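> For reference, the sequence and a predicted model appear below.
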Amino acid sequence: QVQLVESGGGLVQAGGSLRLSCEGSARIFSNYAIGWFRQAPGKEREFVAAITVSGGGISYADFEKGRFIISRDNSKNTVYLQMNSLKPEDTAVYYCNADRNFGPVTRGEPPPEYWGQGTQVTVSS
């Protein structure tokens, strides 16, 4: 049973933008914090951004330096990751996750309750 579905990935030139979406069930979005991770080939999965249930708490990875914006629309059961000024090193599979607590969606440990299947982002130079 699929609980989280990512979309919005694709191929973009360096300097461009993409908006990723993470859509899930109403049960998840009314009770769960949501996070984004990414995994590049040959590298470990790393934290990107996370948002609390209400949207009042947000955390970003240091590498983003203001380029990414996470937001959520609980009426649409969707969390967005707006990515601007993309760089080739942003190329990765991007995953969203969900957990009742904020820690797991930022650290990945303990494992969040749900993970999506991922969406590929490729940034060409």
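On my side now, so go ahead.

> Mean pLDDT per helix and strand in this structure: which one sits at the bottom?
Every helix and strand of the chain was ranked by mean pLDDT, DSSP states H and E. The lowest is helix 26-29, at a mean of 86.

> which is the next helix or strand following the helix or strand containing Trp36?
Applying DSSP states H and E as the criterion places Trp36 in strand 33-39. Using DSSP H and E, the helix or strand that follows strand 33-39 towards the C-terminus is strand 46-51.

> Now do the helix or strand that that following strand is followed by: everything it contacts.
Next along the chain after strand 46-51, taking DSSP H and E as the criterion, comes strand 58-60. Outside strand 58-60, the residues within contact range by C-beta atoms under 8 Å, 6 or more residues apart in numbering are 48-52, 68, 70, 102, 106. All C-beta spots, glycine's among them, are computed from the backbone N, C-alpha and C.

> how does it look with 6 Å?
Residues outside strand 58-60 that contact it (C-beta atoms under 6 Å, 6 or more residues apart in numbering) are 49-51, 70, 106.

> which residues of the chain fall in strands?
With DSSP state E as the criterion, the chain has strands at 4-7, 10-13, 18-24, 33-39, 46-51, 58-60, 68-73, 78-83, 92-99, 114-115, 119-124.

> As TSV, the ones you listed with mean neighbour count and mean pLDDT would be great.
Putting the strands of the chain into TSV (neighbours: other C-beta atoms under 10 Å; pLDDT from 0 to 100) gives the following:
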stretch	mean neighbour count	mean pLDDT
strand 4-7	18	96
strand 10-13	13	98
strand 18-24	20	97
strand 33-39	25	97
strand 46-51	22	97
strand 58-60	16	96
strand 68-73	18	96
strand 78-83	22	98
strand 92-99	24	97
strand 114-115	18	94
strand 119-124	17	98
